[in-house]
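Colleague: sequence unknown, structure follows:
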């Protein structure tokens, strides 16, 4: 990296539109390592809004973090000035809190600290926000005003700063695991739990390797029973406060109570003309049964995400939570 020592008074730039500011602040407060998200957002701003001096992509990638930060924050703050009739400078309090929270979740080096020690006027941005915003921006509004930002964030279910990460294989887990956790009085947002579906067991391994190096917080890995080899690959990098849970028999759909599956099926096909009903056969697994059910009974193709949402709508109480779900949530709680 190299430093330019740019004269801010000689910068020429196109002010950021409000929609662009929202996108940038949203990205800056999402769950991602600070170095990744800040460099991406700052470089995007310089690429899209800086008129002179103009930098090539290769030059931006080599630019020192201090110059990158100073130019990007200048463009952000000057853009906010144009949107506010009564613009007030930042006292740095929100910036300090964000740095503190990021440091509680991620391992941060000196270079990344330069990015976090910015002078972006979060306070001015917050005054322009309404209530129809993503959870991370609601959290940003909260910490600006709350006396106890961490306590209040969890109480209101704003999730941040994170306490735990759950890595799972697929979309069904992403949709249903928080719903079952709610029934067991363990709301993910109120307990600072971030859930990520990796898109397959091999991707779980790759993401675990990445996050184990980046994160200070515990990682809970949820795998299907056939992922023994993947669990073996993870174990050498497993830290003391991490945990792997392999479903005891089959995949995630197999631990859904059969009564809940049947109730969801009836709900999903109630307006469809059906072939003669066959006896339920789960011997080859719930997913296989569902695929055959939809194929043979005149319904559309079975889609995991779509069916998971139907199941979620049909959950009526703790009786719809299987024993293994209770075990999974208890294991997660124990981290």
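Modeller: It's in. Everything numeric in this text was worked out from a predicted model, so none of it was measured.
Colleague: surely residue 37 is in contact with residue 28?
Modeller: Yes. Residue 37 is in contact with residue 28 according to C-beta atoms under 8 Å; the separation is 6.1 Å. Quick note: C-beta positions are derived from backbone N, CA and C, even for glycine.
Colleague: got the end-to-end distance for stretch 53-72?
Modeller: Start-to-end span of stretch 53-72 (C-alpha to C-alpha, to the nearest Å) is 13 Å.
Colleague: tell me the mean pLDDT for it?
Modeller: Mean pLDDT, computed over stretch 53-72, is 94.
Colleague: buried set for that stretch?
Modeller: Within stretch 53-72, the residues scored as buried using 16 or more other C-beta atoms under 10 Å are 55, 60, 63, 65, 66, 67, 68, 69, 70, 71, 72.
Colleague: doesn't the last one belong to a helix?
Modeller: Yes. Assignment of residue 72 by DSSP: H, G, I helix; E, B strand; the rest coil places it within a helix.
Colleague: re earlier: out of residue 37 and residue 28, which sits in the more crowded spot?
Modeller: residue 28 (23 against 17; other C-beta atoms under 10 Å).
Colleague: how near is the more buried one to residue 44?
Modeller: To residue 44, residue 28 is 11 Å away according to C-beta to C-beta, to the nearest Å.
Colleague: which one of the buried residues of stretch 53-72 sits closest to residue 217?
Modeller: When those are compared for distance to residue 217 (C-beta to C-beta), residue 65 wins out at 24.3 Å.
Colleague: burial of the residue nearest to that closest one when sequence neighbours are not counted, as a residue count?
Modeller: Using C-beta to C-beta, 6 or more residues apart in numbering and skipping the chain neighbours, the partner closest in space to residue 65 is residue 114 (4.3 Å). Here the number of neighbours of residue 114 (other C-beta under 10 Å) works out to 18.
Colleague: mind listing what residue 114 touches?
Modeller: 65, 66, 69 (C-beta atoms under 8 Å, 6 or more residues apart in numbering).
Colleague: adding distance to residue 154, write the residues you listed out as JSON lines.
Modeller: Formatted as JSON lines, the contacts of residue 114 follow (distance: C-beta to C-beta, whole Å):
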{"residue": "65", "distance to residue 154": "32"}
{"residue": "66", "distance to residue 154": "34"}
{"residue": "69", "distance to residue 154": "30"}
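Colleague: just the residues you listed: which are in helices?
Modeller: Among the contacts of residue 114, the ones falling in helices (DSSP state H) are 65, 66, 69.
Colleague: looking at the residues you listed, spot the one nearest residue 85.
Modeller: Among those, residue 69 lies closest to residue 85 (C-beta to C-beta), at 27.4 Å.
Colleague: could you find the closest non-adjacent residue to the closest one?
Modeller: residue 118 (5.1 Å).
Colleague: ok, now residue 87?
Modeller: What sits nearest to residue 87 in space, not counting adjacent residues and going by C-beta to C-beta, 6+ apart, is residue 81, at 4.7 Å.
Colleague: how close does that neighbour sit to residue 39?
Modeller: Relative to residue 39, residue 81 is positioned 25 Å away (C-beta to C-beta).
Colleague: more neighbours: those two, which one.
Modeller: Between residue 81 and residue 39, counting by other C-beta under 10 Å, residue 39 is the more crowded of the two (21 against 13).
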